[in-house]
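>>> sequence? don't have it. structure:
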């Protein structure tokens, strides 16, 4: 594939009410003589009532190798329980370039939360093309990328399903009183 997209949760579990650190890694595998590639939109699909993460292209943002995204929740009036996560970033890639996008996702419901696929939208001279990476195995990644000066270094994620997180019910608040 010309473009590969992976999605990882940093941790394998979290509690309702917390947030989970996530990373989307995108690599443009084009030969070096190719022109830059600009995606109009990038989507990651989920198995929960948070339906998807949508990253829209923004020319104003920097093309850094590691970008921290600010995510906002969008509600769909037709499906009140379904939510989408929206953000924007510069989605222009040089051939051979790997870029990572870091974000946090709010954990709302006790359940298994996993990324099930991804898609990218390309718009050129009046044509819109959507490319879908359909399965969880297509987007799973066994490492987390960290920026070290001007390059990315790998950190192993010590579990098989890096595209999933187990969301646990909030633990009860316990108050201890020491009696004299």
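Nice, thanks for sending it over. Just so you know, these numbers come straight off a predicted model, no measurement behind them.
>>> which stretches of the protein have low pLDDT?
Along the chain, segments meeting pLDDT under 70 span 1, 76, 78-82, 134.
>>> packing partners for the longest strand belonging to it?
Scanning the chain for the strand with the most residues, using DSSP state E, yields strand 111-124. With contacts taken as 3 or more Cβ pairs under 8 Å, 6 or more residues apart in numbering; DSSP states H and E, strand 111-124 sits against strand 3-9, strand 41-46, strand 127-133, helix 136-139, strand 164-168. Just so you know, the C-beta spots here come from the backbone N, C-alpha and C atoms, and that holds for glycine as well.
>>> flag every buried residue along that strand.
Within strand 111-124, the residues that count as buried by 16 or more other Cβ atoms under 10 Å are 113-122.
>>> partners of it, with directions?
strand 41-46 (antiparallel), strand 127-133 (antiparallel), strand 164-168 (antiparallel) (DSSP bridges).
>>> now stretch 171-180, how far from the centre of its chain.
Remark: stretch 171-180 is offset 39 Å from the chain centroid, using Cα atoms, centre = their mean, to the nearest Å.
>>> hmm, I was thinking of stretch 33-51
Centroid displacement of stretch 33-51 relative to its chain, using Cα atoms, centre = their mean, is 9 Å.
>>> give the buried residues for it.
Within stretch 33-51, the residues that count as buried by 16+ other Cβ under 10 Å are 37, 39, 41-48, 50-51.
>>> what do you get for stretch 157-164?
Buried-residue list, stretch 157-164, by 16+ other Cβ under 10 Å: 157, 161-164.
>>> how about residues contacting it?
Contacts to stretch 157-164, defined as Cβ atoms under 8 Å, 6 or more residues apart in numbering, come from residues 7-10, 12, 112-115, 136, 139-144.
>>> out of the residues you listed, which end up buried?
Looks like the contacts of stretch 157-164 have 7-10, 113-115, 136, 139-141, 143-144 buried, using 16+ other Cβ under 10 Å.
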